[in-house]
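Peer 1: Give me a 3D structure for the following:
(one chain, ligands or ions: 1)
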Amino acid sequence: MGKVYLIGAGPGAADLITLRGARLLEQADVVFYDALVHADMLALAGNATKVAVGKRCGRVSTDQRFINRQLVEAASKYAIVVRLKGGDPMLFGRAREEIAALEHASVEYEIVPGVTSALAAHAELGVSLTERGVARSVVFATPRVGSDQEASDWAAGVCAADTAVLYMAAGQGAQISEALQAAGMHARTPVAIVENASLANARRILTTLEGLRDIGDWQISGPALVCIGEVYGTRLRMAEAVTAAGEETAQALAMFSGRRV
Ligand code: SAH
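Peer 2: Numbers count the residues shown, from 1 in each chain. As a prediction, the model looks like this:
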C-alpha cells in the first residue's frame, strides 16, 4: 500500500509551494492536480503520471466521488501518490471528503499545508488582514452553497468579523452587496477584489460595498477574492484620489493593475 499526500500548491505562482511539498512532488509516482496548478510546478514531478482532476466553476470538472476513488486505487498501485490542491488543502478544498475516503479504505495519508489565496492576495494588496486598533478578527467565508445544501448564514459571519475574505464570490457581487447592507453593514465599507493573486496578471480593484454591485463591469475571469473591511480604507482613498486626479473614464474608478498601488 502506498501513501497519499494532500499537498497545498499555493495560490498560483509556481514557487509558492512549500519545500516539503516540492520534495514530495519530485518523488511522486502519480499526481492528481487541480485546474489552477501552474505548469512549472507540475514539471517538478518529473517521474510522475499526471492526472488533471480540475475544478473551475462553470467548466467540466471531475466528480468528487470519482477523485476519492482514484486516490484510493492509486495507493494500491503506487508508493507515493500526490493530490495537489490549490492554495491550502484545508480551506474550501473538499479535503474532508478525500480524507474520509482514504480513512475508510485504511490508506495512509499526510497533509502538507500551502499558502492560501487570501494570504497571497494581501501580499498583493500590501494590506495587513489585521491592524492595531482597526481589525482584530478575520473571517474566511464563502457565499456559495452546493446545490444539495441549505442556504447558509454567511452574512452574519462576515458582519461579526472586522475583516472578511470571501472565496468563490466574484460571480455574486450584487447579492453580496445587498445581503451585507441588509445585515447592517455600511454602504461605504471599503472592498478590495484581488484576481489572480501571486501571478503576473494579478489585478486589484478597490471599491465600496455599494460599488461591489458593479463587479460585472470589471470582467473578472480568473480566480478572485472579495475582501471587505476598514483595513482596505487607505488603499481605497488612494485609488479614489488617483481617479479624482483624472483617470480617463469613470469605469477606471479605483481600478488598478500592476504590482503597486
Ligand atoms: N484551497 C484554496 C481555495 C479553493 S476555492 C485556497 O486555499 O486558496 C477556489 C477559490 O479560491 C476561488 O474561487 C477564489 O476565490 C480563490 N482563489 C484561488 N486562487 C486564487 C488566486 N490566485 N487569486 C485570487 N483568488 C484565488
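Peer 1: rest of the way, CA atoms for contacts and neighbours
Peer 2: OK.
Peer 1: And the helices in the protein?
Peer 2: For the chain, the helices defined by DSSP state H cover 19-27, 39-42, 64-77, 95-104, 117-125, 154-160, 173-182, 233-244.
Peer 1: Among those, which comes closest to residue 212?
Peer 2: Among the helices of the chain, the nearest to residue 212 by Cα to Cα is helix 173-182 (5.4 Å).
Peer 1: who touches that closest one?
Peer 2: With Cα atoms under 8 Å, 6 or more residues apart in numbering as the test, helix 173-182 has contacts from 143, 155, 159, 187, 209-210, 212-216.
Peer 1: Those: which two are farthest apart?
Peer 2: Farthest pair in the contacts of helix 173-182 (Cα to Cα) is 159 and 216. Separation: 23.5 Å.
Peer 1: Compare neighbour counts for those two and give me the winner.
Peer 2: The neighbour comparison of residue 159 against residue 216 (other Cα atoms under 10 Å) goes to residue 159, with 18 against 13.
Peer 1: if I read this right, that one contacts residue 185, doesn't it?
Peer 2: Yes. With contact defined as Cα atoms under 8 Å, residue 159 and residue 185 form a contacting pair (6.9 Å).
Peer 1: returning to that earlier point: mind checking the helices of the chain for the one nearest to the ligand?
Peer 2: Smallest distance to the ligand across the helices of the chain (Cα to the nearest ligand atom): 3.8 Å, for helix 117-125.
Peer 1: Just confirm yes or no for the closest one near the ligand.
Peer 2: Yes. Against the ligand, helix 117-125 shows contacts by Cα under 6 Å from any ligand atom at residue 117.
Peer 1: which parts of that helix are buried?
Peer 2: Across helix 117-125, burial judged by 16 or more other Cα atoms under 10 Å covers 117-122, 124-125.
Peer 1: Stretch 216-232 too?
Peer 2: Neighbour counts using 16+ other Cα under 10 Å place 220, 222-232 of stretch 216-232 among the buried residues.
Peer 1: so which of those also contact the ligand?
Peer 2: 223-225.
Peer 1: Among the residues you listed, which are located in strands?
Peer 2: Within these, residues falling in strands by DSSP state E are 224-225.
Peer 1: can I get the contacts of helix 173-182 in CSV with pLDDT and distance to residue 54?
Peer 2: Formatted as CSV, the contacts of helix 173-182 follow (pLDDT from 0 to 100; distance: Cα to Cα, whole Å):
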residue, pLDDT, distance to residue 54
143, 94, 21
155, 96, 29
159, 97, 32
187, 96, 36
209, 96, 32
210, 95, 34
212, 95, 28
213, 94, 29
214, 90, 29
215, 89, 25
216, 88, 25
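Peer 1: Weed out the non-buried ones from those.
Peer 2: 143, 155, 159, 187, 209-210, 212-213, 215.
Peer 1: Check those against the ligand and report the nearest one.
Peer 2: residue 143 (10.6 Å).
Peer 1: show me what contacts the closest one?
Peer 2: With Cα under 8 Å, 6+ apart, residue 143 has these contacts: 152, 154-155, 166-169, 176.
Peer 1: interface residues of the stretch 151-261 of the chain facing the ligand?
Peer 2: Counting by Cα under 6 Å from any ligand atom, the stretch 151-261 of the chain sits next to the ligand at 167-168, 194-198, 223-225.
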